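Visitor: Structure here, sequence nowhere to be found:
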Ligand SMILES: C[C@](O)(CO)[C@H](O)COP(=O)(O)OP(=O)(O)OC[C@H]1O[C@@H](n2ccc(N)nc2=O)[C@H](O)[C@@H]1O
Ligand SMILES: Nc1ncnc2c1ncn2[C@@H]1O[C@H](COP(=O)(O)OP(=O)(O)OP(=O)(O)O)[C@@H](O)[C@H]1O
C-alpha cells in the first residue's frame, strides 16, 4: 500500500478473499434473511484497489468490470454511502483490479466494498469507528462487516455478529469451477436445510460441521459437485459460502502447489495462505 499526503491516495489496497470453513443455517428472519453460524477465515489472495481523492465530490470507477455497471458496483455504492452518512464533500477515483471470481463464494464484491469504506474513511478523514463502518457495510451486503472486523471470526446473526477465532496458520487450495452461483438463488431454494442445531464456538471443528448450502449448490450446479469430488482425492474438500469455489486445507505450500499443478485445465486453481489480519485493519480503530 502506498500513501501520499500531497496528492491524497492509497494505491494497491488488498481486498482479500474469505473462506467459510463451515456454514450452518439455523433459522430464517421474517424478512427472509437466514440466520447463520459460520467460521470466516481471511486468505492472502484478493482484488487490488487504488483510490485517488477528488475535490469536486464526484465518485468514479475508473476500470471496467464486465456485467457490473458503475452505478451498481459495490465499490461505488460503498463510497456514496460513506459520503452521504458523513456529509463529506470530497470524492474519489477508484480503480478495481479484479482477481477473484464473481459469484465465487469468496466474498469478492463484499471485500471490495469493505476496503473502500476503510480506505476512504482514512483518506477523507471522516473518522468513523470500526463498528460504525461495519453497520454501514451491512447495508451493502451480509459479508461486508466481516472484512471490516478484519480477522478470523466465528459469526452469527446474518453473519454480522463476531467472536474472535484463534486458528493456527494454514495453507489452502482453492478451485473455481468456472460457474458463477448467485447467492440469492441458493438461499431461496426450497430444499435448503434451515434448522441445523446451533453449536457453541468451543465445539467448532471442521470434521463435525458442514456447509448447509453445499447440497443445494451441487444440485443446481453439478460442476461444484465434480470439483469437490476431484479435490477430495487429496484432502477434505468443501464449498465456501454459497459457492461456486471449493477449498481444502493442506499441510504445506508444496502440497498445495502439487494439487494446483494437477488441477484439470477447465478449472482455475490456486494456493492460498491464511491471513492473520486484514491489511487495512490498522487504518480504522
Ligand atoms: C453466503 C455468505 O457469503 C456466507 O458468508 C453470505 O451469507 C452472503 O453474503 P452476501 O453475498 O454479502 O449476501 P447479500 O448480498 O447480503 O445477500 C444476497 C442474498 O442472499 C440472501 N441471504 C444472504 C445472507 C443471509 N444471511 N441470508 C440470506 O438469505 C438474501 O436473499 C439476499 O438477497
Ligand atoms: N466490485 C464488485 N466485485 C464483484 N461483484 C460485484 C461488485 N460490485 C457488485 N457486484 C455484484 O455482486 C455479485 C456477487 O459478487 P461476489 O464476487 O461478491 O460474490 P460471492 O463471492 O459469491 O459472494 P459471497 O461469498 O458473499 O456469496 C456479482 O455477481 C456482481 O453482480
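Guide: Now that the structure is in, tell me what you want to look at. Predicted model, so just to flag it, every value in this text is computed and none were measured. Ligands and ions are numbered 1, 2, ... in the order given.
Visitor: check which helix or strand covers the residue of the chain found nearest ligand 1.
Guide: The chain approaches ligand 1 most closely through residue 141 (3.0 Å), counting by CB to the nearest ligand atom. The way it works is simple: take the backbone N, C-alpha and C, and place the C-beta from them, glycine included. Assigned by DSSP states H and E, residue 141 belongs to no helix or strand.
Visitor: likewise residue 184?
Guide: Using DSSP H and E, the element containing residue 184 is helix 183-187.
Visitor: Output the contacting helices and strands for that helix.
Guide: Helices and strands touching helix 183-187, as assessed by 3 or more CB pairs under 8 Å, 6 or more residues apart in numbering; DSSP states H and E, comprise helix 214-220.
Visitor: residue in the stretch 1-150 of the chain nearest to ligand 2?
Guide: Counting by CB to the nearest ligand atom, the stretch 1-150 of the chain gets nearest ligand 2 through residue 109, at 2.9 Å.
Visitor: does that residue count as helix, strand or coil?
Guide: Recorded secondary structure, residue 109: helix (DSSP: H, G, I helix; E, B strand; the rest coil).
Visitor: hang on, isn't it packed against residue 76?
Guide: No. The pair residue 109 and residue 76 does not pass the contact test of CB atoms under 8 Å, sitting 11.4 Å apart.
Visitor: the more surrounded of these two?
Guide: Under the criterion of other CB atoms under 10 Å, the comparison of residue 109 against residue 76 puts residue 109 first, with 28 against 22.
Visitor: which residues touch the more buried one?
Guide: Residue 109 is in contact with 74, 102, 141, counting by CB atoms under 8 Å, 6 or more residues apart in numbering.
Visitor: Go back to those and keep what's next to ligand 2.
Guide: 74, 102 (CB under 6 Å from any ligand atom).
Visitor: Same list, the contacts of residue 109, but as CSV with distance to residue 134 and neighbour count please.
Guide: Converted to CSV, these look like this (distance: CB to CB, whole Å; neighbours: other CB atoms under 10 Å):
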residue, distance to residue 134, neighbour count
74, 15, 21
102, 23, 16
141, 12, 20
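Visitor: between the contacts of residue 109, which is nearest residue 247?
Guide: Of all those, residue 102 has the smallest distance to residue 247: 17.2 Å, by CB to CB.
Visitor: In contact with that closest one, which residues?
Guide: Counting by CB under 8 Å, 6+ apart, the residues that residue 102 touches are 67, 68, 108, 109, 180.
Visitor: Now it. Its backbone dihedrals?
Guide: With angles defined as degrees, to the nearest 10, residue 102 sits at phi -80, psi 140.
Visitor: Tell me how far it lies from residue 176.
Guide: In this view, residue 102 and residue 176 are 10 Å apart by CB to CB, to the nearest Å.
Visitor: Read off the pLDDT value for the spatially most central residue of the chain.
Guide: Centroid-nearest residue in the chain: residue 107, 2.4 Å away (criterion: CA atoms, centre = their mean). pLDDT, residue 107: 98.
Visitor: Hmm, it is touching residue 42, no?
Guide: No. With contacts counted by CB under 8 Å, residue 107 stays clear of residue 42, the gap being 9.7 Å.
Visitor: Overlap of the contact sets of these two?
Guide: Contacts common to residue 107 and residue 42, judged by CB under 8 Å, 6+ apart, are 17, 18, 147.
Visitor: isn't there a helix covering residue 258?
Guide: Yes. Residue 258 forms part of a helix when assessed by three-state DSSP.
Visitor: burial measure for it, as a count.
Guide: Other residues within reach of residue 258, judged by other CB under 10 Å, total 14.
Visitor: Repeat that for the one 4 residues further on.
Guide: Residue 262 is surrounded by 11 other residues when neighbours are defined as other CB under 10 Å.
Visitor: Give me the distance between the closest residue in space to residue 229 that isn't next to it in sequence and residue 208.
Guide: Nearest residue to residue 229, sequence neighbours excluded (CB to CB, 6 or more residues apart in numbering): residue 237, at 8.0 Å. Note on residue 237: its distance to residue 208, by CB to CB, is 16 Å.
Visitor: So for these two, which residue has more residues nearby?
Guide: Neighbours of residue 237 and residue 208, each counted by other CB under 10 Å, are more numerous for residue 237; the result is 18 against 9.
Visitor: What's the separation between that one and residue 211?
Guide: Taking CB to CB, one finds residue 237 at 11 Å from residue 211.
Visitor: ok, now residue 133?
Guide: In terms of CB to CB, residue 133 sits 28 Å off from residue 211.
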